[in-house]
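> What follows is a predicted structure for the sequence shown.
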Amino acid sequence: MAEENRPQRDSELTHADRAQEKTIDDTVAEEKAVLDALEEARQNVKSIAKKEMMGEALTSEILNFRLNAPR
Amino acid sequence: MTLFPVRPDYPAQAIRVTPFPADFPSLFPSPNGLIEGEWPPVQLSYLGSYLDSLGCKTIIIEEHYVDRDYINDVAAFYSRSLRDYPNYCRRLHFFTASFDDGRWRKLVLEANQDDKQAAEQVLAQAYLGFIVVRPLAGSPVGRTVLKTHPTVTPEGLTRSFGAIRDYSVHLAGFSLNVRGLAFQQQDRGVSACATTALWSSIHKVAPLEGLAIPTPAEITEAASRYFLAGGRSLPSEGLTIHQICEATRAAGLAPLVIPSVSPEQDRAQLLGYTSSGLAPILALRPTSGAADGHAVCCVGIKLGNVQPQPDDKLHYRDAATAVESIYVHDDRLGPYASADILPFTFEGKIRTGLSIRWPGTATPADLSILTAFIIPVPIKLRLTIARMRALGIAIADALGHRLFPEFDRLVTLDCRYRLGTDYMANAYGFGLSEKGIYHLVGGVALSRYVGLIEFSQAGSPLFDLIMDATETKANPAALACVRRKGLPAGGEVKLRVIAKLFCVPWIE
């Protein structure tokens, strides 16, 4: 196998390569932390979010409510 | 001998100046015969009290004024009466400056001597607005546009009148301007409370879309075109919410009907829509449980401080908790009437009560239960405040807990709409980088109206999540995340993840 195509062994990784891998791992971990925090919050406020949507339940009683107060 | 004049006479014009009287209703003669109800009507006493609170000193009376709404009412209804109702009105203009006929004459003559701008300025600075006085003895208060209460209360609270606009007024060749929202008393011929409330609400939103403002007669006819709840459309017997929706559609707008949920959610609706420049109509049910209700138009809100989060499990604050009371056009009372929002137990449930107050006192004029909101909105505005809040609450809770622990229970959520063009224009003051502002104004397509979910801390905005208001569901509708000045250094690392989750650019 040509020298340039031989896969690198872990022992041969440079300091810069290791630093870059660590940064990529950190980024992935940070992203996961943010997504986990959002999901936790989403579960936490589920009942409140549901209550916000209660204002979309229109009934015929409301639509037929006449507004006719005398002056 | 001739039986009839060769041609009808033209009406005479006269402009008179009079001091603002301590007893304002005394300007209006009482009708002949037995009067149904009380005289003077409450609306005249309220207007007198309100104008006095604004410091009114002088009235200029235009004896002949053709009012578009009234002349339309005449054509639709009054012209078919036996009585010879005139087709014109009087118009009263109110000023904080004291002057008499002599001073008025001098202003006109000074304007004639190439000094018109100076004379106009004298009037413009003191102008409080106008009332069109209809020749209807029982309901004289026609289209009325008056200046609002001051924006700061004596206690230091903020009054925000999101639903007002500019009105150009021409008097004797002078151009004046008043910022407010039109109000009028129902006449029970062409209009009832629902018509006048809808008319006021449309006065704000129709000009935003370049639409004509329908007159009360046109509203009542459109409402009754396909469906009549009672026996006849004119004289008006009131409108159902269904009919209000029909009239809204006929005006070229979309009706958004939102049932009342709870005092907390209803405060959020009021804040969201009013601060977006819309004027929600409030359908009120009397506490007596009577079948028919009343309609008022919300014009503004009084804001205190955002309250701390009372629930231990939640980690954010709601900007709507700052809403202390609202200001409504109540045609049974007057414009900008103060109304307190309070929890009210009705039929075993906690409902939203509305206590409308006489100006300057704590005495309630009326206590009702809020049943629903009806909001005429531009047809392109589809995403509701409720859906934005449902999304924003989750993000705010995450921000105030795990994402920024230093802001625990301090992050405040606020949702409203903005014109996309206005948001772009304001973005130049956000302190964005060169790359950021260039990307925002040149690389992000905004809908005509955007939903703005703002996250802030101690009054300083952290970031905005911009939503496409032409979408119906909040989640797929994000357009951009925009950094604001209050975001601490390094905070963008976490918010880039949120932007990536929504597949939108992070602008900083």
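That came through, no problem. Predicted model, so just to flag it, every value in this text is computed and none were measured.
> Quick check: end-to-end length of stretch B:56-76?
35 Å (Cα to Cα, to the nearest Å).
> I'd like to know how many residues surround the residue of the stretch 151-300 of chain B found nearest chain A.
Nearest to chain A, among the residues of the stretch 151-300 of chain B, is B:G238, at 2.5 Å (Cβ to the nearest Cβ). Quick note: C-beta positions are derived from backbone N, CA and C, even for glycine. Number of residues near B:G238 (other Cβ atoms under 10 Å in any protein chain shown) recorded here: 25.
> swap in B:E218?
Using other Cβ under 10 Å, B:E218 has 21 other residues around it.
> Wasn't it part of a helix?
Yes. B:E218: assigned to a helix according to DSSP: H, G, I helix; E, B strand; the rest coil.
> where's it relative to B:A206, distance?
As judged by Cβ to Cβ, to the nearest Å, B:E218 and B:A206 stand 12 Å apart.
> Ok, B:Y46 next?
Counting by Cβ to Cβ - B:Y46 and B:A206 are separated by 26 Å.
> ok, now B:G37?
To B:A206, B:G37 is 32 Å away according to Cβ to Cβ.
> Can you pick out the residue with more neighbours from those two?
Remark: of B:G37 and B:A206, B:A206 carries more neighbours, 18 against 9, as counted by other Cβ under 10 Å.
> Next up, the contacts around the more buried one.
Neighbouring residues of B:A206 by Cβ atoms under 8 Å, 6 or more residues apart in numbering or on different chains: B:A212, B:I213, B:A251, B:G252, B:L253.
> Okay, and the closest residue in space to the last one that isn't next to it in sequence sits in which element?
For B:L253, the nearest residue in space outside its immediate sequence neighbours is B:P376; the separation is 4.3 Å by Cβ to Cβ, 6 or more residues apart in numbering or on different chains. Using DSSP states H and E, B:P376 sits in strand B:364-377.
> strand partners of that strand, parallel vs antiparallel please.
Strand B:364-377 sits in its sheet next to strand B:254-259 (antiparallel), strand B:281-286 (antiparallel), strand B:349-357 (antiparallel), going by DSSP bridges.
> next one: that strand to chain centre, how far?
Here strand B:364-377 shows a centroid-to-chain-centroid distance of 13 Å under the convention Cα atoms, centre = their mean, to the nearest Å.
> Can I get that strand in PDB, CA atoms only?
What follows is strand B:364-377, C-alpha atoms only, in PDB (Å, rounded to 0.1, in the frame of the first residue of the first chain):
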ATOM      1  CA  PRO B 364     -67.900  51.000  38.500                       C
ATOM      2  CA  ALA B 365     -70.400  52.000  35.900                       C
ATOM      3  CA  ASP B 366     -70.800  48.400  34.800                       C
ATOM      4  CA  LEU B 367     -69.600  44.900  35.700                       C
ATOM      5  CA  SER B 368     -69.700  42.200  33.000                       C
ATOM      6  CA  ILE B 369     -68.200  38.900  32.100                       C
ATOM      7  CA  LEU B 370     -65.900  38.600  29.100                       C
ATOM      8  CA  THR B 371     -67.300  36.000  26.700                       C
ATOM      9  CA  ALA B 372     -65.200  36.300  23.600                       C
ATOM     10  CA  PHE B 373     -62.900  38.500  21.500                       C
ATOM     11  CA  ILE B 374     -63.700  39.400  17.900                       C
ATOM     12  CA  ILE B 375     -60.700  40.900  16.200                       C
ATOM     13  CA  PRO B 376     -60.900  42.100  12.600                       C
ATOM     14  CA  VAL B 377     -57.400  41.300  11.200                       C
END
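> Up against chain B, what does chain A have?
Chain A comes close to chain B at residues A:30-31, A:33-38, A:40-42, A:44-45, A:48-49, A:51-59, A:62-71, as judged by Cβ under 8 Å from any Cβ of the partner chain.
> Please report how far the residue in chain A that chain B sits nearest to lies from B:A372.
Closest approach between chain A and chain B, counting by Cβ to the nearest Cβ: A:N68, at 2.5 Å. Distance, A:N68 to B:A372, by Cβ to Cβ: 15 Å.
> Among these two, which residue is more densely surrounded?
Neighbour totals were compared for A:N68 and B:A372, and B:A372 leads with 25 against 22 (other Cβ under 10 Å).
> That one is in contact with B:L256, isn't it?
No. Contact criterion Cβ atoms under 8 Å: B:A372 and B:L256 do not qualify, at 10.4 Å.
> Extract the C-alpha trace of stretch B:244-254 and format it as CSV.
This file holds the C-alpha atoms of stretch B:244-254, laid out as CSV (Å, rounded to 0.1, in the frame of the first residue of the first chain):
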residue,chain,number,x,y,z
ILE,B,244,-70.2,40.6,13.2
CYS,B,245,-67.9,38.1,11.4
GLU,B,246,-70.0,38.5,8.2
ALA,B,247,-69.7,42.3,8.4
THR,B,248,-66.0,42.0,9.0
ARG,B,249,-65.5,39.8,5.9
ALA,B,250,-67.6,42.2,3.8
ALA,B,251,-65.2,45.0,4.8
GLY,B,252,-62.3,43.0,3.3
LEU,B,253,-60.9,41.8,6.6
ALA,B,254,-60.8,38.4,8.4
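> Now do that stretch: distance to the chain's middle.
With Cα atoms, centre = their mean, you get 17 Å for stretch B:244-254.
> Could you do stretch B:441-448 as well?
With Cα atoms, centre = their mean, you get 28 Å for stretch B:441-448.
> any residues touching that stretch, and which ones?
By Cβ under 8 Å, 6+ apart, the surrounding residues in contact with stretch B:441-448 are B:378, B:380, B:419-421, B:423-424, B:427, B:466, B:468-470, B:479-480, B:505, B:507.
> switch to 10 Å and redo it
With Cβ atoms under 10 Å, 6 or more residues apart in numbering or on different chains as the test, stretch B:441-448 has contacts from B:208-209, B:378, B:380-383, B:418-425, B:427-428, B:432, B:435, B:440, B:466-471, B:477, B:479-480, B:482, B:504-505, B:507.
> Understood, closing this out.
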